[in-house]
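Undergrad: build the 3D model from these lines:
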Amino acid sequence: MNILGIIPARYQSSRFPGKPLADIAGKSMIQRVYEQCLKAKSLTSLLVATDDQRIYDAVESFGGKAIMTSPYHLNGTCRCAEVIELIEANNDLFPSVSFDFIVNIQGDEPCLHPEQIDDLTILFNDANAAIVTQAIKEEDINSFKNPNIVKVMLNEQSFATDFFRATDKENIEQDYFYRHIGLYGFRADILKKIIHLEPTIHEMELKLEQLRWLDNHYPIKVGITRYLSQSVDTPEDLEKIYVHL
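TA: Residues are numbered from 1 along each chain as shown. The predicted structure is shown next:
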C-alpha cells in the first residue's frame with residue numbers, strides 16, 4: 001500500500017502569523033514536523049502543501065518536498081484533496097506511484113511522535129474504514145466539560161458514533177473518556193468525495209468538520225493512542241515545546 005503524508009501549512013494565522021517558520025532551537029517548526037514524519041516507517045512519500053512562497057522555499061532549503069496550493073482553502077482536508085488532484089494531473093511529481101491512502105498531518109506539532117503515524121495507518125487494514133483517526137484515554141474528568149477538548153464516542157468495533165465538545169451532564173458513567181486527536185487518514189478515493197459534501201447542521205453547530213463525514217455515513221475508525229503531542233497555537237506555546245526537544 002502506498003501512503004502519502006501531507007503537512008498542510010499556511011502562513012496566515014490570526015493568533016500566530018508565520019507560525020510554520022517560527023524558530024525552535026535553530027530549526028523552523030515546519031522542518032521539525034517534517035523530520036519527525038520522516039521517521040515514520042509507514043509513509044511512502046511526504047510533502048508540505050502550502051499557499052505561501054516563503055514556506056515553500058524554506059522546505060526546499062532543508063531538502064524537503066513542497067507543493068504550492070490555493071490560498072482559498074478553508075481547512076487542511078481541502079488542501080490535501082487539491083494535492084491529490086495536482087499529483088494526478090502531473091505525473092512528474094511522483095512518477096509511477098499511485099497513492100492508496102493519505103495522512104493529513106498537523107503542521108504545528110513539532111514533537112509529533114512518528115509511531116503515532118504508523119499506528120494510524122494500521123487502521124486501514126480494516127476494509128470498512130473510509131477515514132481513520134485517533135483518540136487518547138483521558139482520566140482527567142475535570143476536563144470533560146472543557147469545550148476546547150473534543151470528545152469521541154466509539155462503538156464496539158472502534159468506529160466513531162459521535163464527536164462533541166461540552167456536555168450538560170453532571171457525571172459520566174465511567175472514570176475516563178476518549179479525547180480526540182486531530183490526526184486523520186483517508187482512502188484517496190474517499191478524500192476526493194468528502195470535500196464536495198455540503199456542511200451539515202450538526203457540523204456547523206459544533207464547528208467540527210468530522211461530523212459532516214459522520215452525518216453522510218462515512219465510517220471513521222478510531223485507534224487508541226498513548227501519544228498526546230503539544231501543538232503550537234500562539235507564540236507563548238513555543239516555550240512549552242522546548243521541554244520536549
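
Undergrad: so A81 makes contact with K192?
TA: Yes: A81 is in contact with K192 according to Cβ atoms under 8 Å; the separation is 6.0 Å. (Glycine included, C-beta is placed from N, CA and C.)

Undergrad: okay, those two: which has more neighbours?
TA: Set A81 next to K192 and count neighbours by other Cβ atoms under 10 Å: A81 wins out with 24 against 15.

Undergrad: and that one, what pLDDT?
TA: At A81, the pLDDT value in this model is 96.

Undergrad: buried sites along stretch 87-99?
TA: Neighbour-count burial for stretch 87-99 flags I87, F94, F99 (criterion: 16 or more other Cβ atoms under 10 Å).

Undergrad: please, where are all the strands along the protein?
TA: 3-9, 23-24, 27-28, 45-50, 66-68, 101-104, 131-138, 151-154, 160-164, 177-187, 220-225 (DSSP state E).

Undergrad: give the rounded mean pLDDT of the third one.
TA: It refers to strand 27-28. Rounded mean pLDDT across strand 27-28 is 95.

Undergrad: name every strand pairing with that strand and say which way it goes.
TA: Strand pairing for strand 27-28, determined by DSSP bridges: strand 23-24 (antiparallel).

Undergrad: still on that earlier bit, among the strands of the chain, which is the most enclosed?
TA: Compared across those, strand 3-9 shows the largest average neighbour count, a mean of 26 (mean count of other Cβ atoms under 10 Å).

Undergrad: same for that one, what does it pack against?
TA: helix 29-38, strand 45-50, helix 76-89, strand 101-104 (3 or more Cβ pairs under 8 Å, 6 or more residues apart in numbering; DSSP states H and E).

Undergrad: run the angle between it and helix 76-89 for me.
TA: 120 degrees (axes from the mean of the first three to the mean of the last three Cα atoms, to 10 degrees).

Undergrad: picking up where we left off before, nearest to A135, of the buried residues of stretch 87-99?
TA: Nearest to A135 among the buried residues of stretch 87-99: F99, at 25.2 Å, using Cβ to Cβ.

Undergrad: can I assume the closest one is in contact with V83?
TA: No: applying Cβ under 8 Å, one finds F99 not in contact with V83, separated by 9.5 Å.

Undergrad: now do the shared contacts for those two.
TA: Each of L4 lies in contact with both F99 and V83 under the rule Cβ atoms under 8 Å, 6 or more residues apart in numbering.
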